[in-house]
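Novice: Mind folding the following:
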Amino acid sequence: MTMTLPIEEMTVGDKIQVMEVIWLSLRQNPSEMESPAWHKDVLAAREKRMADGTSRYEDWNEAKRDIRATLQP
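Specialist: Sure, this is the predicted structure:
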């Protein structure tokens, strides 16, 4: 099925609403969504870093502050 939406005419709110409707639909059948092949490798690497103690963790509030600081002009 091909569907065309008037993306250029939609407000940001409209676009977010469309994404939410699509996400809710996808969540109805999670078993139908398969993770990409590379995801297993990424998870394995993270698990290895956790096991060998080389993972680095940051407080979530500090991480948000740092992200916001890099996004501000």
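
Novice: alpha carbons only for contacts and neighbour counts from here, please
Specialist: Will do.

Novice: got the contact list for the residue nearest to the spatial centre of the chain?
Specialist: The centre of the chain sits closest to W23, judged by CA atoms, centre = their mean, with a distance of 11.6 Å. Neighbour list for W23: empty [criterion: CA atoms under 8 Å, 6 or more residues apart in numbering].

Novice: can you pull the pLDDT of it?
Specialist: On pLDDT, W23 comes in at 93.

Novice: do the one 3 residues further on as well
Specialist: At L26 the predicted local distance difference test score is 91.

Novice: Also the one 10 residues further on?
Specialist: At P36 the predicted local confidence, pLDDT, stands at 91.

Novice: For the remainder of this discussion, apply numbering that starts at 33.
Specialist: OK, 33 is where the count begins now, so the last one is P68.

Novice: and the gap between it and N93?
Specialist: Separation of P68 from N93 (CA to CA, to the nearest Å) stands at 30 Å.

Novice: what does A83 give?
Specialist: Distance of A83 to N93, given as CA to CA: 25 Å.

Novice: residue with max distance from the center of this structure?
Specialist: In terms of distance from the mean C-alpha position of the chain, D84 ranks first, at 26.5 Å (CA atoms, centre = their mean).

Novice: Now do it against W55, distance only.
Specialist: In terms of CA to CA, D84 sits 36 Å off from W55.

Novice: ditto for M65
Specialist: Distance check for M65 against W55: by CA to CA, it reads 12 Å.

Novice: And the helices in the chain?
Specialist: Per DSSP state H, the chain carries helices over the ranges 44-59, 69-84, 92-103.

Novice: In CSV, list the ones you listed along with distance to T36.
Specialist: Shown next, in CSV, are the helices of the chain (distance: least, CA to CA, whole Å):
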stretch, distance to T36
helix 44-59, 12
helix 69-84, 29
helix 92-103, 32
